[in-house]
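Peer 1: sequence? don't have it. structure:
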């Protein structure tokens, strides 16, 4: 068991290392560097030299990669080009804002998805299932920017219930942010819930048709007792991994949603830094997002291993 | 003489087609997709106005007999632009999907077949690419290389192929231990011959279904890029771009966003329904797949 955890941790580190290499070489191989990108047309002669000097772009790439990754390991991501502020400072506020959004969406989305998934599976092909499943297909296939735009149009403009666009600065306190996150949270959790509920549904249907549940039925176990004791524990186990993957997917989808609602989170920072061609910030963001992705998946893997002993022996035998 | 093999192939294709069209979801889905493709091809011939003609006298007119869907903030006909708005998107995502299926399928089958060190290394690299959010990678490429279709097609094709690698590899693992693969190996066939003649026919279904699904995600990615201002450049009509342009004024000119919203949503839903029906017709369960 301990060895298994170590192995998983090792794999996670390898992935992070590869991501840092890919991002670094990606930025390196593409034509131009941080200075030409930032200075644009003024990128010539003295100005370019000074900029390169300041950023240490004259040293070889491998040396720069080593010092960048060494500093990143100690939590120092360097300085941004435009604001000349440490990247840590810029990013930490945005991480907090995005976390508020994501955590709220997850807290609403996960229980809702599990309950709806159970309902749709138990009443398979009946009215509740058809209604909820159809709605789920719509909300998971329509792009985030469309559902967000429709939400703004209907709730904010036609019904006039809530403000459509967030107009707080990124440094405002949590309490100031809270009233503004209602619409973004609805937009995000709609998609998330739809994905998760579809998978919870199919898992439970699978378990319901398994031999031991049939056996329980034949033995005369009362229906609800059977559902809660025999079906749900096994049917919901794979949900842990699904939730992890959904959270990872959230990282990409949130970018668009944050832009639509003008929400000052990580996603909007991605767009802003790319529009400004602030490559050090882009590198740092990629590293952080990859770290979250790997971390969430790792936690989910370990959690399933802890909860499901069958998987443990299977993995060790492999 | 027509050979026996071809007859059985034709029979299988017609069986799958019948199975798709006998489901309501497949019927509706395929009809929507085919309608969109037809409109995309013939729209330049049937649209009533010029898509890029700016006319300040008729800005933001509500829907009327003259302009069925109204006009936008520059006085352009929304109906014309909506009909033509899917052309670039369909072109880019169609060829992007072909590239994704080709390289993803080949690498996946190859890794599944050879296994060992090569497999380990490739899968680690794929994992690393999966950990980078698609939007960040795409934005970076687009900002530095531009937004032409020559950049977007291979870029989208590459990023959406890495998921297919996993599916193709898993499908290969399912058939690799069967006797006919062993026999081919024992006969001394090359890896390439085994992939082409033995493995591909067996994993093709799984790859094709995955490709159909990737198509809808790629379309979503493409229009998100346009929406964010990193996709096709104006005045080319594109749904994502139209929605982002009309968004600021939608409190009094909702018609300029409604039409592209309906068009884009219907196409994506159509592709999804078709992919689902296609999967069911081939007997593949898609609901276990995670949204990566």
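Peer 2: Cool, the structure landed. The structure presented is a predicted model; accordingly, all values stated were derived computationally and were not measured. Residues are numbered from 1 along each chain as shown, chains lettered A, B, ... in the order given.

Peer 1: List the residues that contact the most centrally placed residue in chain B.
Peer 2: Centre of chain B computed as the mean C-alpha position; nearest residue by C-alpha atoms, centre = their mean is residue B:215, 1.6 Å away. Counting by C-beta atoms under 8 Å, 6 or more residues apart in numbering or on different chains, residue B:215 touches B:93-94, B:97, B:271, B:275. Using the backbone N, CA and C atoms, a C-beta is placed for each residue, glycine as well.

Peer 1: What of residue B:80?
Peer 2: For residue B:80, the residues meeting the contact criterion (C-beta under 8 Å, 6+ apart) are B:47-51, B:237.

Peer 1: at 6 Å instead, please
Peer 2: Contacts of residue B:80 were listed using C-beta atoms under 6 Å, 6 or more residues apart in numbering or on different chains, and they are B:47, B:49, B:51.

Peer 1: Would you agree the last one is in contact with residue B:84?
Peer 2: Yes. Contact status for residue B:51 versus residue B:84: in contact at 5.4 Å, counting by C-beta atoms under 6 Å.

Peer 1: so what sits against both of those two?
Peer 2: Common contact partners of residue B:51 and residue B:84 (C-beta under 6 Å, 6+ apart): residue B:237.

Peer 1: which stretches of chain B form strands?
Peer 2: Counting by DSSP state E, one finds no strands in chain B.

Peer 1: Could you do the stretch 101-250 of chain A as well?
Peer 2: Shown for the stretch 101-250 of chain A, no strands are assigned by DSSP state E, counting those that start in this stretch.

Peer 1: Return the residues of it in contact with chain B.
Peer 2: A:141-143, A:145-146, A:149, A:153, A:157, A:195, A:198, A:202, A:245, A:249 (C-beta under 6 Å from any C-beta of the partner chain).

Peer 1: same thing but at 7 Å, please
Peer 2: Residues of the stretch 101-250 of chain A that fall close to chain B, judged by C-beta under 7 Å from any C-beta of the partner chain: A:137-138, A:141-143, A:145-146, A:149-150, A:153, A:157, A:195, A:198-199, A:202, A:242, A:245-246, A:249.

Peer 1: Go ahead and build a PyMOL selection from the buried members of those residues.
Peer 2: Paste this into PyMOL to select the buried members of these, with burial taken from 16 or more other C-beta atoms under 10 Å in any protein chain shown:
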select buried, chain A and resi 137+141+142+143+145+146+149+150+153+195+198+199+202+242+245+246+249
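
Peer 1: Show me which residues of stretch B:262-271 are buried.
Peer 2: Under the neighbour-count criterion of 16+ other C-beta under 10 Å, stretch B:262-271 has B:263-265, B:267-271 buried.

Peer 1: is it up against chain A anywhere?
Peer 2: Yes. Judged by C-beta under 7 Å from any C-beta, stretch B:262-271 comes into contact with chain A at B:264-265, B:268-269.

Peer 1: Out of those residues, which sit inside helices?
Peer 2: In this view, those that belong to helices under DSSP state H are B:264-265, B:268-269.

Peer 1: Switch the residues you listed over to CSV; also include pLDDT and distance to residue A:235.
Peer 2: Conversion of these to CSV gives the following (pLDDT from 0 to 100; distance: C-beta to C-beta, whole Å):
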residue, pLDDT, distance to residue A:235
B:264, 89, 35
B:265, 89, 32
B:268, 89, 30
B:269, 88, 28
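
Peer 1: Under the pLDDT cut-off, which ranges of the chain? List them.
Peer 2: Went with chain A since none was named. A:29-49, A:51-61, A:75-84, A:163-177, A:251-253, A:309-318 (pLDDT under 70).

Peer 1: meant chain B actually
Peer 2: Under the criterion pLDDT under 70, the flagged ranges of chain B are B:1-4, B:285-292.

Peer 1: near chain A, which residues of it?
Peer 2: Contact residues of chain B with respect to chain A, defined by C-beta under 7 Å from any C-beta, are listed as B:124-125, B:127-129, B:131-136, B:139-140, B:143-144, B:216, B:220, B:223-224, B:227-228, B:243, B:247, B:250-251, B:254, B:257, B:261, B:264-265, B:268-269, B:272, B:287-288, B:290-292.

Peer 1: hang on, residue B:56 packs against residue B:75?
Peer 2: Yes. Judged on C-beta atoms under 7 Å, residue B:56 makes contact with residue B:75 at a distance of 5.8 Å.

Peer 1: Comparing these two, which shows the higher neighbour count?
Peer 2: When residue B:56 is set against residue B:75 and neighbours are counted by other C-beta atoms under 10 Å in any protein chain shown, the residue ahead is residue B:75, at 16 against 7.

Peer 1: Who are the contact partners of the closest residue to residue B:272 other than its chain neighbours?
Peer 2: Here the nearest residue to residue B:272 in space, its sequence neighbours aside, is residue A:141; by C-beta to C-beta, 6 or more residues apart in numbering or on different chains that works out to 4.7 Å. Residue A:141 makes contact with B:216, B:268-269, B:272 under the criterion C-beta atoms under 7 Å, 6 or more residues apart in numbering or on different chains.

Peer 1: ok, back up a step: can you say which of the contacts of residue B:80 are buried?
Peer 2: With neighbours counted using 16+ other C-beta under 10 Å, the contacts of residue B:80 contain these buried positions: B:47, B:49, B:51.

Peer 1: any idea how far residue A:151 is from residue A:157?
Peer 2: Note on residue A:157: its distance to residue A:151, by C-beta to C-beta, to the nearest Å, is 10 Å.

Peer 1: typo on my end, residue B:250
Peer 2: Summarising the geometry, the distance separating residue B:250 from residue A:151, computed by C-beta to C-beta, is 12 Å.

Peer 1: Compare these two (neighbour count), which wins?
Peer 2: Legend: neighbour count by other C-beta under 10 Å for residue B:250 and residue A:151, higher for residue A:151 (21 against 18).

Peer 1: What separation do you get for the more buried one and residue B:266?
Peer 2: Taking C-beta to C-beta, one finds residue A:151 at 19 Å from residue B:266.

Peer 1: Also residue A:280?
Peer 2: From residue A:280 over to residue B:266 (counting by C-beta to C-beta), the distance is 42 Å.

Peer 1: Count the residues that sit near residue B:143.
Peer 2: Using other C-beta under 10 Å, residue B:143 has 17 neighbouring residues.
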